[in-house]
Structure formats: C-alpha cells, structure tokens
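Novice: Sequence and predicted structure, then a few things I'm wondering about:
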Amino acid sequence: MPPASVTVNGRTYRYPTRPAVVVCVDGCEPAYVDDAIAAGVAPALRRFREHGTARLSRTIVPSFTNPNNLSIVTGVTPAVHGIAGNYFYDTGSGQEVMMNDPRFLRCPTLLAELSRAGARAVVITAKDKLRRLLGHGMQGICFSSEKAAEVTKAEHGIERATDLVAMSVPDVYSAELSEYVLAAGLELLRRERPDVMYLSLTDYIQHKHPPGDAVATRFYGMLDRYFDAIDREGAVLGITGDHGMNAKVTRDGAPNVVYLVPLLDELVGAGRFRIILPITDPYVVHHGALGSFATIHLERAGDVGRVVERLRRTPGVAGVWDRTDGCARFELPPDRVGDVILVGDRHTTLGKSEDAHDLSLLTEPLRSHGGPTEETVPFIINRPLSAAYAARGGALRNFDMFDYVLNGVE
Ligand SMILES: [Zn+2]
C-alpha cells in the first residue's frame, strides 16, 4: 500500500491517486498565453482559464532555467536546493562550472521521494543538460528529447524511447524539441498511467519570437493540443514556467548590454575580479550568454562597497546588492554567488566585454531573461482549486505547482 502522503523538504504532498502532470513551459512570458487564447489557437488553455485555475506566479531570480526547474521539483528555493544558476564559480575547486551535476543538489526532489514511496514517475526534458538533476535519486523513466535516441533501460528507465513518437529526434535548436517532450509524455501517459510526470520544454521560440508573433502563436497552439489531450486522459495538469522573456535591445535593435569588464578594470584593477553570468549554458546560440543577472567575485573584500556604489549609478542596472543582502532578497545560497549581485532593467543585459560574447550567433533581435523583470509566469491548472486552496492568500510561486496539483484540487 502506498502512503497517504510524502513529506519532502518540509512540504507534505498527497500521494497521487490519478496521474499528476506538471509542464514547465520554458520562457513563458504570460503574454504568450494571453495572445494565443485571444488568437483562438488555444481552446484548452481558454477552458482551463474559464473552468480551472489561471493565475500568475513568481519565479526564482535569477530567472534562469536550472534554478527554477529545480525549485519546481523540490518545492524550495535555491538557498535550500543549491542550484543558483546554470553556471557558477566553484570556490572549492577554483573552477567555473556548469551547475548540471547532481553533486551540486543539496536536497531530494519530490519526484525521487514519490518514486521511493512506490509511485511511477516520468521526467522528460527537452535539453539533456537538466536530465540528471531532475532525475536525481528517482526510480522510473527520465530522458531528454535531445538524446532520445541514446536511452538505455539502466540509465533512463526505458528502452527505445524513439518508438513512443512518430517524429524523428529533432534538432536541439528547434520548436520540435519541445513538441517531442509533450508527444512522448502523452504517449507514456496513455500506455503506462504514471502517477507523476514532469515535462520541461525549451525556450528556443521565446528567445526568437515575441508574444503575438505568428511563429509564437503557432507554437502555443501546438502546446495547447497536447494540453487538451493530457486533460482528456484524466490527469491533473499544472502548467507554469521557469522565467519570462523580454526584448533586450536598444532603439536601433542592437543587443542592449552593460559591459562590466571595462568598468571593473577601471574601478578595482584588471585581474582583481571574476564576473559570472549564470545564464551561461552549452546552448549559447539562444542568447550569446547575455542575460539580466550577474554576480562578481572580488579579490579584495574591501572593494565591495565601491563596486556596489558605482554599479548603482550605471544606467541599465536596476539593482545591486552585496552577497548577504542579495542572497537574502533572492533566496540564494551565499557560497554559490559572488561578493556582488546585480540585475539589469527590463531591456538591458549584463555582459563581460564586447569580445567575450559572440553576437553573430543571434539571428533575431536579442530576447533574454534573468532579472526580476522576467519573474512572472503563468500558473494554470486544468481543475478548479479546492475551497481551502482557493481561499489561500499570499503570492504564488512557480514552485508551489506540485503542492497545488497534488493537494489543491478536488
Ligand atoms: Zn529557461
């Protein structure tokens, strides 16, 4: 007999009695959903809005992929789970590294704990970079559409994942990479009726196309067809995002960047600082490693005050904090950020120096994320909330989704 509930990282979840499916729509600025509904291509999302639950929620800042995906599956902030960015300076090893490795994860995921309690769990991600973090400690099926052709029973809990989907394995830079996640998830839902499923998409389209753009509308129409099918399978479906997305360009359409190296060279001296841009990931074609969040390690602690003061006076910089205040504000682990934390404004990114970013890879005007201006995402469930959950006050977070899907609907 499965338990009535499991408690993970201080939150208690009812053991699922019907499939619970959470979809993280990467880069889901709320306007994408509104525009798709208004355009008439998203009847399922319209239905959920009218008869289910449709609210907004706040993400983790830095509003990047890894911290938010890990918050959604652990139910807690990076201060607890440890994944503070896609990329960080590991002061222990003296190396700058991708935060893709489970050894950086400081707490169990809900998916792992549910699977330990006997639940059948499925995780499918678009990009392989998230797979080992999301699947850490989990029994069950866990693979990425990027590497769907390379799965093994031992590593991924499934053989021949490509047999699930009629499509061929898509390019890593494509809208189809997300569709593949949903198509495989839907097929597994039909075949296996898993107890819990987490599907995490990619923001390839959102980095290139603003809300209302025909390509974006078509993409959300595609998502909607899968949401409709998942709903009709009887699952409780929760849809949220890991971050929003904004244009980050000057009036003439060029990337809008505050370059930090020249500024810091002058202020504290060349070689006396290390800039970390936690948006950095293996898939830079999206954004040229330009986002609206940066952290700076300083050689001399005595420079912190001057750097904070100078950056506060820099146009395009929306906020600057020392480590203590920044970690308190953004719920981050102090040992995984630098001495200074700063965010850009709605249309400004933070970079190192002009020659450190290959902007020739950008084929459209830069759209990116990372700061508090991209911290609002949809929080949509295909069912109405129970009276108790509907009466709850307080701001929703995207990482409340499993709580609401498992505990908050009738
Ligand atoms: Zn993302």
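Specialist: The structure has been received and is ready for your questions. Numbering: from 1, shown residues only.

Novice: and the residue of the stretch 51-200 of the chain nearest the ion?
Specialist: Distances between the stretch 51-200 of the chain and the ion by CB to the ion are smallest at residue 65, namely 3.2 Å. (Each C-beta comes from the backbone N, C-alpha and C, glycine too.)

Novice: List phi and psi for that residue.
Specialist: Reported as degrees, to the nearest 10, the phi and psi values for residue 65 are phi -70, psi -50.

Novice: so how far does stretch 234-252 reach from one end to the other?
Specialist: Using CA to CA, to the nearest Å, the end-to-end distance of stretch 234-252 comes out at 49 Å.

Novice: That stretch near the ion at all?
Specialist: Yes - interface with the ion: stretch 234-252 contributes residue 242 (CB under 5 Å from the ion).

Novice: how near is the residue of the stretch 51-200 of the chain closest to the ion to residue 140?
Specialist: Taken as CB to CB, to the nearest Å, the spacing of residue 65 relative to residue 140 amounts to 22 Å.

Novice: Same question for residue 19.
Specialist: Residue 19 sits at a distance of 13 Å from residue 140 (criterion: CB to CB).

Novice: Overlap in contacts, the two.
Specialist: Here residue 19 and residue 140 have residue 194 as joint contacts, going by CB atoms under 8 Å, 6 or more residues apart in numbering.

Novice: if we can go back for a sec, neighbour count for residue 65 and residue 140, which is higher?
Specialist: For residue 65 versus residue 140, the count of surrounding residues by other CB atoms under 10 Å is larger for residue 65: 28 against 22.

Novice: Quick check: closest non-adjacent residue to residue 33.
Specialist: Among residues not flanking residue 33 along the chain, residue 378 sits closest, at 5.2 Å (CB to CB, 6 or more residues apart in numbering).

Novice: is it true that the one you found touches residue 28?
Specialist: Yes - contact criterion CB atoms under 8 Å: residue 378 and residue 28 qualify, at 5.9 Å.

Novice: Write out the residues of the stretch 251-400 of the chain neighbouring the ion.
Specialist: So the stretch 251-400 of the chain never meets the ion (CB under 5 Å from the ion).

Novice: Show me which residues of the stretch 101-250 of the chain sit near the ion.
Specialist: Selection of the stretch 101-250 of the chain residues close to the ion by CB under 5 Å from the ion yields 203, 242.

Novice: helix, strand or coil for the spatially closest residue to residue 165 that is not a sequence neighbour?
Specialist: Distances taken as CB to CB, 6+ apart place residue 183 nearest to residue 165, at 4.5 Å, with adjacent residues excluded. Using DSSP: H, G, I helix; E, B strand; the rest coil, the structure places residue 183 in helix.

Novice: quick one: contacts for residue 183?
Specialist: Counting by CB under 8 Å, 6+ apart, residue 183 touches 164, 165, 166, 167, 226.

Novice: These into a markdown table, with extra columns for neighbour count and distance to residue 177?
Specialist: Shown next, in a markdown table, are the contacts of residue 183 (neighbours: other CB atoms under 10 Å; distance: CB to CB, whole Å):
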| residue | neighbour count | distance to residue 177 |
| --- | --- | --- |
| 164 | 21 | 15 |
| 165 | 20 | 12 |
| 166 | 8 | 15 |
| 167 | 14 | 10 |
| 226 | 20 | 14 |
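
Novice: what's the neighbour count on residue 179?
Specialist: 21.

Novice: if I pick it, what's in contact with it?
Specialist: 167, 170, 222, 226.

Novice: from what I can see, the first one looks like it's in a helix, true?
Specialist: So that's residue 167. No - when classified by three-state DSSP, residue 167 is found to be coil rather than part of a helix.

Novice: Verify the contact between it and residue 181 for me.
Specialist: No - look at residue 167 against residue 181 with CB under 8 Å: they stay out of range, at 10.9 Å.

Novice: Please enumerate the strands of the stretch 51-200 of the chain.
Specialist: Per DSSP state E, counting those that start in this stretch, the stretch 51-200 of the chain carries strands over the ranges 53-58, 87-90, 95-98, 121-125, 140-144, 196-200.
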